[in-house]
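**Student:** next one to model:
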Amino acid sequence: MTYLDVVYRYGAAPGEIQMRAIDGMREVYGIRGVQFNEADRTVRVGYDASRMKADAVAKLLRQAGIDVSDQMAMA
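**Tutor:** So this is what the prediction gives:
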């Protein structure tokens, strides 16, 4: 297992419907957690890189209704 975090910037703040979809995303095998930073408008997702790639994480966020734009560089 290779655990990584990926951070994406997002546009519109997620509403109730999107947050419910995010709760469902947490049940996807390989997703460890999802954290929103409203001040920076970023979402951090912990995932198992041996199971999926960052592009698949972004796709899951988009399917949940999150307006992700660009991937942030990890410091």
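
**Student:** what's whichever strand or helix holds Ala58 packed up against?
**Tutor:** Ala58 belongs to helix 54-63 when assigned by DSSP states H and E. If you count contacts as 3 or more Cβ pairs under 8 Å, 6 or more residues apart in numbering; DSSP states H and E, helix 54-63 packs onto strand 3-10, helix 16-25, strand 42-48, strand 68-72. Bear in mind the C-beta positions are built from the backbone N, C-alpha and C, glycine included.

**Student:** give me the sheet partners of the last one and which way each runs.
**Tutor:** In other words, strand 68-72. Take DSSP bridges as the rule and strand 68-72 pairs in its sheet with strand 3-10 (antiparallel).

**Student:** the partner strand versus strand 42-48: what angle between them?
**Tutor:** Relative orientation of strand 3-10 and strand 42-48, computed by axes from the mean of the first three to the mean of the last three Cα atoms, to 10 degrees: 150 degrees.

**Student:** and for strand 3-10, what are the contacting residues?
**Tutor:** Outside strand 3-10, the residues that touch it by Cβ atoms under 8 Å, 6 or more residues apart in numbering are 32, 40-49, 54, 57-58, 61, 66-72, 74.

**Student:** apply 7 Å and report the result again.
**Tutor:** The contact list for strand 3-10 (Cβ atoms under 7 Å, 6 or more residues apart in numbering) reads 32, 41-49, 54, 57-58, 61, 66-72, 74.

**Student:** average pLDDT across that strand?
**Tutor:** Averaging pLDDT along strand 3-10 gives 96.

**Student:** give the buried residues for it.
**Tutor:** Going by neighbour count (16 or more other Cβ atoms under 10 Å), the buried part of strand 3-10 is Leu4, Val6, Val7, Tyr8, Tyr10.

**Student:** relative to helix 54-63, how tilted is it?
**Tutor:** Strand 3-10 and helix 54-63 are oriented at 50 degrees to each other (the same axes, to 10 degrees).
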